[in-house]
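# here is a sequence together with a model predicted from it:
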Amino acid sequence: MPELLEVRGLHAGYGATQVLHGIDFTLAAGRITAILGANGAGKTTTLRAICQTVATRGSVLFDGAQLVGRATENVVRLGVAHVPDGRGTFGALTVDENLRLGGYVRRDRAGVAADIEQAYERFPRLRERRRQPAGLLSGGEQQMLAISRALMLRPRLLLLDEPSFGLAPMVVAEIFRILRALNEDEGVSILLVEQNAKLALDLADQAYLLETGRVALAGSSDEIRRDEAVRRAYLGY
Ligand SMILES: Nc1ncnc2c1ncn2[C@@H]1O[C@H](COP(=O)(O)OP(=O)(O)OP(=O)(O)O)[C@@H](O)[C@H]1O
Ligand SMILES: [Mg+2]
């Protein structure tokens, strides 16, 4: 399968602080790749590097196009949508306004309206709260809104930063069921960053374990799940 995303020798950091020390990983078109790792390993920084919101060096090919050196807006226009950690919805705007804002680069108004309708079908709770400020939503609803807003770009690649963080198991299950459906039914490729290794490995086809800015382990989800050190440190058995 052709690679949709091919990351080679990626370095990234904040000022004098280097966080990523030359990482390599890939994501095949139509698949799901997970990046696992402890606090501070560099997972969030990896997503920021792909979106070019942090200083980077190395190569990030998206469908053959080099992302390094591009303006973030142009990365978005190529079809890469980022759901950042902490959701990134606009709390003072309503659910509906957040979704409309998600489609801001699009010119097809009818398509935008249809996609908002689809978001409400995917997450009926958002429809019930469509006129409420996003800041009043529960954590789970905000995550649903953040994902829906990213989907308004009709992305080919969805970057998700810890979508399970701080949410009750039932809400997490609902969100992950939708992510699987997005991938299987609509062909959206997903790069998923998670501390919850079990969840991530159940969803992903392949995974990479980051340790202090380096890839410590790479393989299929089954291979990673069987790894002794991963089991002890991340799966707890
Ligand atoms: N804006 C920033 N300025 C300076 N240093 C930062 C910034 N953001 C992150 N860092 C540092 O970069 C390192 C990696 O952080 P990053 O957020 O990528 O880790 P992470 O794997 O996502 O961790 P977590 O699981 O806690 O979200 C950490 O040491 C962190 O302190
Ligand atoms: Mg993080």
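Received the coordinates, thanks. As the structure is a prediction and not an experimental result, all values here were calculated from the model. Numbering: from 1, shown residues only. Ligands and ions are numbered 1, 2, ... in the order given.
# which ones are touching the closest residue to ligand 2 within the chain?
Closest approach between the chain and ligand 2, counting by Cβ to the ion: residue 44, at 3.1 Å. Any C-beta I mention is one placed from the backbone N, CA and C, and that applies to glycine too. By Cβ atoms under 8 Å, 6 or more residues apart in numbering, residue 44 lies in contact with 84-85, 161, 193.
# where's the dip in pLDDT among those residues?
When the contacts of residue 44 are compared on pLDDT, residue 85 comes out lowest, with 91.
# let's see the pLDDT reported for the residue of the chain closest to ligand 2.
Residue 44 carries a pLDDT value of 97.
# now the element after the helix or strand hosting it, going C-ward?
For residue 44, the element it lies in under DSSP states H and E is helix 43-51. The C-terminal neighbour of helix 43-51 among helices and strands, as given by DSSP H and E, is strand 55-62.
# in terms of secondary structure, what does the very next helix or strand once past that following strand contact?
Downstream of strand 55-62, the first helix or strand assigned by DSSP H and E is strand 65-66. Helices and strands touching strand 65-66, as assessed by 3 or more Cβ pairs under 8 Å, 6 or more residues apart in numbering; DSSP states H and E, are absent.
# what sits up against strand 65-66?
59-60, 78.
# grab the most central residue of this structure for me.
Among the residues of the chain, the one closest to the centroid is residue 160, at 1.6 Å (Cα atoms, centre = their mean).
# retrieve the pLDDT associated with it.
So residue 160 comes in at 98 (pLDDT).
# and this structure, which residues reach ligand 1?
14, 17, 19, 37, 39-45, 85, 195 (Cβ under 6 Å from any ligand atom).
# now with 5 Å, please.
14, 19, 39-45 (Cβ under 5 Å from any ligand atom).
# those residues: which two are farthest apart?
14 and 39 (16.0 Å; Cβ to Cβ).
# just the buried subset of the residues of the chain next to ligand 1, please.
Burial by neighbour count, judged by 16 or more other Cβ atoms under 10 Å, picks out 19, 41-45 from these.
# rewinding a little: does the strand or helix carrying the residue nearest to the centre of the chain come close to ligand 2?
Element membership of residue 160 [criterion: DSSP H and E] is strand 157-161. No. Residues of strand 157-161 contacting ligand 2 under Cβ under 5 Å from the ion: none, with a closest distance of 6.0 Å.
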